[in-house]
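Student: what follows is a predicted structure for the sequence shown.
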Amino acid sequence: MSMRRSIDDTATFYDAILIIMQIEERLGIIIADERVEEIRAWSDLSLHDLTTVVRSLSTDASVSVDEVVLSAVRAAFPNAPEAIDFAAPLLDAISPRRDYRGY
């Protein structure tokens with residue numbers, strides 16, 4: 001179980017970076033690691049947490065932050081589910097069917 005947790009932590013960080021890079025490109029902003037870490041530890045990060053960070057950095061009030069984050073998820077993870085739970089841990093949100101039972 002500790003190995004699975006370690007793999008999930010690494011995967012969450014990597015997946016979050018892929019999403020953040022999409023957001024940065026779309027909005028022309030830089031999201032520093034420290035800004036994310038102020039909200040939540042990488043291992044416990046959710047899409048809601050990312051929207052909180054983006055809202056704190058975005059100066060364009062006409063931009064729907066939720067839509068930008070969702071668009072970033074779709075670009076980085078085209079096989080993510082249609083309905084995404086922004087409050088779920090990141091890996092559960094973008095890959096809810098992953099299952100370690102039986103391994």
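Tutor: Perfect, I can see it now. Being a predicted model, the structure only gives us computed values, none of them experimental.
Student: rest of the way, CA atoms for contacts and neighbours
Tutor: OK.
Student: please name the nearest non-neighbouring residue to Val54.
Tutor: Nearest residue to Val54, sequence neighbours excluded (Cα to Cα, 6 or more residues apart in numbering): Val65, at 6.9 Å.
Student: wouldn't that neighbour be in contact with Arg55 here?
Tutor: Yes - taking contacts as Cα atoms under 8 Å, Val65 lies within contact range of Arg55: 6.6 Å.
Student: what about these two, which has more around it?
Tutor: Val65 (20 against 16; other Cα atoms under 10 Å).
Student: got the contact list for the more buried one?
Tutor: Counting by Cα atoms under 8 Å, 6 or more residues apart in numbering, Val65 touches Thr51, Val54, Arg55.
Student: same check on Ile39?
Tutor: So Ile39 contacts Asp49, Thr52, Val53 (Cα under 8 Å, 6+ apart).
Student: how about Arg5?
Tutor: Per Cα under 8 Å, 6+ apart, neighbours of Arg5: none.
Student: that one and Ser62, how far apart?
Tutor: Using Cα to Cα, to the nearest Å, Arg5 is found at 39 Å from Ser62.
Student: show me where this protein has helices.
Tutor: 2-27, 33-39, 47-57, 65-76, 90-94 (DSSP state H).
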